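Novice: Below are the sequence and a predicted model for it; my questions follow.
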Amino acid sequence: MLAKPRHHCGLFAVLCGIFFLQLGGVTPADTQHSRNKFIVKIDRTKTDSLDDFCQYLNSINVTHSVAHDLTGISPDNFYGASLHLDNPADKTRLAKLDAVESVTPVCNVKQIAPVSQSFLSKPPPQGRSPDGFSPHVQTRITDLHSKNVFGEGVKVAFIDSGVDCEHPALGKGFGPGYKIGFGYDLVGDDYDGSNAPVPDSNPCTPCGIHGTHVSGIVGADDVGYGFQGVAPNATLGMYLMGCKPDGESTNDIVMSALLMAVRDGADVISASIGGLGGWSKGDALSDLINDLTGKGHVVVLAAGNEGSEGLFYAESPAAATNALAIGSVESKKQVVFQLKTSSGKSIPYHSSGVFNGTDLPIYATSPTSTNPSDACQPLPANSPPLSDSIVITRRGDCTYAEKVANLVSKGATRILFYMNSTDQASLSSFIDGAQVAVLSKEDGESIVSELSRNPNLKGSFSPEHSFEKRDMGGLVSNYSQYGPSYDSKNIQPNFLGVGGNILSTVPQKMGSYGTMSGTSMSTPQVAGITALVMSVRGKDLQALKLKKILSTTAQQVPADSGPNDIQTAIHAGGGLIDAYCATYSKTILSVDALPLLDIPYFKSQQSFTITNEGDQSYSFKTGHSPAITVNTFQPGSRRVSSTIQALPGLSTAQAQVSPATFTLAPKASQTIQVTFTLPSGLSPELLPVYSGYISVISDADCERHTLPYYGMAGVLKNVKIIDNGVDTDTSRLTLPRLTDLHSQPLNGPIAFDGTNGLVLRYRLTFGSPYMRVDVISANATLFNEGPSPTAQQMMPDIGANFTFSKGTFMGANLIGMIPTSNTTLVPRTVSADTIVMSWNGILIAPGQSRASFMIPAGSYKILFRALRVNGNPTVDDDFEYWLSPVITVSGSPALQTPDLQSPNSLREPQSPVDSENYPSHVGSTYPLVGPPGGHKF
């Protein structure tokens, strides 16, 4: 052990920069994380305390301060801290210490915002029965309530925005004996991600809109309005991570909340947090979740609301291997408001908030209801002012934002979109300052027709609301995220809850009740269902067993592409949860899904077992139900498609299941063999994803299982990663490219003198297991080293502390690596965005020393490379790379290289660990144009 500490480590509470994705925007490569803050997991057997560890770091000149001490919360589950390093290059030195198990960056974590929300101007009508509440009927929660199963004795914790503890439906109090019985405020009401946290022991706050809504989904009492939570007898906990509407937090704060919830005895932990990811592990938060769930703790996470981004967009940390990732289906009923016309009609509109106004002129932007470009262009100059009108416009072909911009330019403040078809859309309350809502296709066409006969038609908005059947009810929500993860460790989502148009509690100052839509609504529903299941099966139900039960007892979800089509498993997971069967099923499968991988690693022979834990025999028959197959890419494009369509014809896999029938005695098990045949007639370059369900069905209620499977009828390693489309700035130059710190093209030599530097601008169109940027000599020549590894040489397990010490690439010697470039498990971005990576001239030497040094004067090239999915980092040909034009460095100040020797038990091991883990988030949607310099695909 080290000597006892002589002083305490200093505290550091300033959080890292906030990361936003903006269309056509610019994203610094280090803004998703704090460039100088890292989460350090420490081996408790090799140091007496955090103070002892800090003292040692000071002794080897690793200047630092402690941001968050995580050693004392739940040390059996995590022992470590987040540290601020004065020199980020010291991260490599930290990772080499014997006492350090891992070093990963502190990253920003964003609460997953609802797709839409509305606050009722008056409570729901009194006297209604909660038994008919559609989200509960769809998931058979109502059937459990009829058996008096209400979650008694189970503790459900939320990591969220705080809660209005004085809400009548939430118990009107906080602490032991109250419905909201435990929790903690980790940051304070005013925390926004950029200021210092002000923690206290009370998570109650009227600003917790989202937190109050999810609390009500699980635990609200019926106080006369016909609404109650999934598990109203459960005890709730709240761990406040920030209550600002656009609030940010950091993964070390969320890790603290997780550890507190475990320490405080939570049986279920629910969180609607996330960010770009796509990998099942590698960041500190995902790794902690995998550890906790592996020990049995249940962590339920929102899968995300970026369904429009297409396939392979698994959210982090929901993509963690052992997490329960929850997608969303639409409620079969929704809240609607009424527009009353001067001709006596009452027309329902679907809105995230009630409109105001009486006797307002109704104005249609097109005299016909068939114009596909209605309001897609600026309105004619002779259009009337629209500030005091109700504007009716067809959904059409362009985006909502484009239409609203054209209408707002004429003063519009109230806009009603009528749909192109029977589809319904969920919109936020406002777009570009205008209030927006949705009408059905039939109602919109009726108004346009009536206006042609009565141009003086007026309308008034009523505050009354009602519940109406939805045409899209029961289908997977359009916004719900698609999987799978890049490494096929998680089907993503695992299963679905009801998340579209969900009525629940909101803070009393907001009206007490409201509706929201999103996977952050389906997630607490599943957390509540878990509480119901545990109250019957027992609180010792392990997370991984629960995952199998929920997945395989779920209800298959139809696709809207055909009357008999089943939704792809990478959008539906196991299906919509059946709470009743999850509670009472006596048989259980050994797995929750079958990943069949891509073509090189396809294994046609699969098996699983079913075990009868009950006291009677069941007779089963097996079968196969293919789901729709979808393409990742569109022909001619290398960017993941946002348009997801079922492929026609026989594009599904075939499966032979044996035995076809069998009888399962009490306490017995049966192995089931499945032989898969890849689908034919597909285009591998479009990376088709096929899926379906293997069924094991008995005649007994709830002894019916469907096991999802999925695979890729293409080759992941063939997918292109480095985007060579045009930049998002005004230059429209091709990427990747180099500029100075002022975004100007490099003209002449550059001097790293503190006032200037070099910037690499780039995007990635697909995930990469490993990315880095090196400097090589200007006269270096790259050559191809040989073929890629065979299927038996699949890529090594790349994690946050992946070891890579090779000093050459395709025959060229590496002079040094740009410190902030070395990244493992990299995702792609939400939409068109340019990543900006700045460089101040400091390099990290290759080989054993890992010493930092300033690049000397001379001529060089920048080598930017990304490892292909399933590639092997020891094989140069498995990288995609870009080589810059020659740059000339005129001179730089000297850099003092720190001493790398360490004399005692915290010494640095001999094998170097190259793990500057900076998760740059990249991606875009631009046409292809050739890049400057060299480019290899």
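Specialist: Good, I have the coordinates.
Novice: And the helices in the stretch 251-400 of the chain, which stretches?
Specialist: With helices called from DSSP state H, counting those that start in this stretch, the stretch 251-400 of the chain shows them at 251-263, 284-294, 400-408.
Novice: looking at the ones you listed, which is buried most?
Specialist: helix 251-263 (a mean of 25; mean count of other C-beta atoms under 10 Å). Bear in mind the C-beta positions are built from the backbone N, C-alpha and C, glycine included.
Novice: and the angle for that helix with helix 284-294?
Specialist: Angle between the axes of helix 251-263 and helix 284-294 is 20 degrees (criterion: axes from the mean of the first three to the mean of the last three C-alpha atoms, to 10 degrees).
Novice: Tell me what residue 745 is bridged to.
Specialist: residue 739 (DSSP bridges).
Novice: Quickly note the distance from it to residue 733.
Specialist: Counting by C-beta to C-beta, to the nearest Å, the separation of residue 745 from residue 733 is 8 Å.
Novice: So between these two, which is more surrounded?
Specialist: Remark: of residue 745 and residue 733, residue 733 carries more neighbours, 15 against 10, as counted by other C-beta atoms under 10 Å.
Novice: quick one on the thing from earlier: worst mean pLDDT among the helices of the stretch 251-400 of the chain?
Specialist: Sorting the helices of the stretch 251-400 of the chain by mean pLDDT places helix 400-408 lowest, at a mean of 91.
Novice: Could you list every helix and strand that that one packs against?
Specialist: strand 390-394, strand 414-418, strand 430-431, strand 434-439 (3 or more C-beta pairs under 8 Å, 6 or more residues apart in numbering; DSSP states H and E).
Novice: if we go to 7 Å?
Specialist: strand 390-394, strand 430-431, strand 434-439 (3 or more C-beta pairs under 7 Å, 6 or more residues apart in numbering; DSSP states H and E).
Novice: That one to strand 390-394, inter-axis angle?
Specialist: 140 degrees.
Novice: Check the offset of helix 400-408 from the chain's centre.
Specialist: Offset of helix 400-408 from its chain centre (C-alpha atoms, centre = their mean, to the nearest Å): 28 Å.
Novice: May I have it exported as PDB, CA atoms only?
Specialist: Output in PDB follows, covering the C-alpha atoms of helix 400-408 (Å, rounded to 0.1, in the frame of the first residue of the first chain):
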ATOM      1  CA  TYR A 400     -43.000  20.700 -41.300                       C
ATOM      2  CA  ALA A 401     -40.200  23.300 -40.600                       C
ATOM      3  CA  GLU A 402     -40.200  24.500 -44.200                       C
ATOM      4  CA  LYS A 403     -44.000  25.000 -44.300                       C
ATOM      5  CA  VAL A 404     -44.000  26.700 -40.900                       C
ATOM      6  CA  ALA A 405     -41.200  29.100 -41.900                       C
ATOM      7  CA  ASN A 406     -43.200  30.100 -45.000                       C
ATOM      8  CA  LEU A 407     -46.400  30.600 -43.000                       C
ATOM      9  CA  VAL A 408     -44.700  32.400 -40.100                       C
END
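Novice: can you list contacts of it?
Specialist: 375-379, 386, 391, 393, 415, 427, 431-434, 436 (C-beta atoms under 7 Å, 6 or more residues apart in numbering).
Novice: Could you turn the buried ones of the residues you listed into a ChimeraX selection?
Specialist: The following ChimeraX line selects those of those that are buried, judged by 16 or more other C-beta atoms under 10 Å:
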select :375,376,379,386,391,393,415,427,431,434,436
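Novice: Please identify which of the contacts of helix 400-408 is nearest to residue 449.
Specialist: residue 393 (14.9 Å; C-beta to C-beta).
Novice: ok, now which ones touch that closest one?
Specialist: 365, 374-375, 403, 407, 415, 417.
Novice: For residue 91, what are phi and psi?
Specialist: When quoted as degrees, to the nearest 10, the phi and psi of residue 91 stand at phi -60, psi -40.
Novice: Could you dump the contacts of residue 393 into TSV and include distance to residue 613?
Specialist: Formatted as TSV, these follow (distance: C-beta to C-beta, whole Å):
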residue	distance to residue 613
365	62
374	59
375	60
403	56
407	60
415	56
417	52
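Novice: By residue count, what's the longest helix in this structure?
Specialist: helix 519-537 (DSSP state H).
Novice: Flag the least confident of the contacts of helix 400-408.
Specialist: Within the contacts of helix 400-408, lowest confidence goes to residue 427 (68).
Novice: Same list (the helices of the stretch 251-400 of the chain) but as TSV, adding distance to residue 872.
Specialist: Listed next are these as TSV, based on distance: least, C-beta to C-beta, whole Å:
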stretch	distance to residue 872
helix 251-263	29
helix 284-294	23
helix 400-408	43
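Novice: any idea how the protein splits into domains?
Specialist: Domain ranges of the chain: 25-111, 126-332+470-584, 333-469, 586-714, 719-936, per automatic domain parsing.
Novice: deepest of those domains, which one?
Specialist: domain 126-332+470-584 (a mean of 24).
Novice: What helix or strand is the closest residue to residue 271 other than its chain neighbours located in?
Specialist: Of all residues not flanking residue 271 in the chain, residue 159 sits nearest, at 4.1 Å (C-beta to C-beta, 6 or more residues apart in numbering). In this assignment (DSSP states H and E), residue 159 forms part of strand 155-160.
Novice: That strand vs helix 519-537, what angle?
Specialist: Using the same axes, to 10 degrees: strand 155-160 against helix 519-537 is 170 degrees.
Novice: Please state the offset of strand 155-160 from the chain centre?
Specialist: With C-alpha atoms, centre = their mean, you get 19 Å for strand 155-160.
Novice: swap in stretch 557-571?
Specialist: 22 Å.
Novice: cool, stretch 623-637 as well?
Specialist: 22 Å.
Novice: Just to be sure, residue 580 is in a helix?
Specialist: Yes: the assignment for residue 580 by DSSP: H, G, I helix; E, B strand; the rest coil puts it in a helix.
Novice: Pretty sure it sits against residue 140.
Specialist: Yes: in this structure, residue 580 is within contact of residue 140 by C-beta atoms under 7 Å, at 4.0 Å.
Novice: In terms of pLDDT, where does residue 822 sit?
Specialist: The model's pLDDT for residue 822 equals 83.
Novice: Make sure it is actually in contact with residue 774.
Specialist: No: in this structure, residue 822 is not within contact of residue 774 by C-beta under 7 Å, at 9.5 Å.
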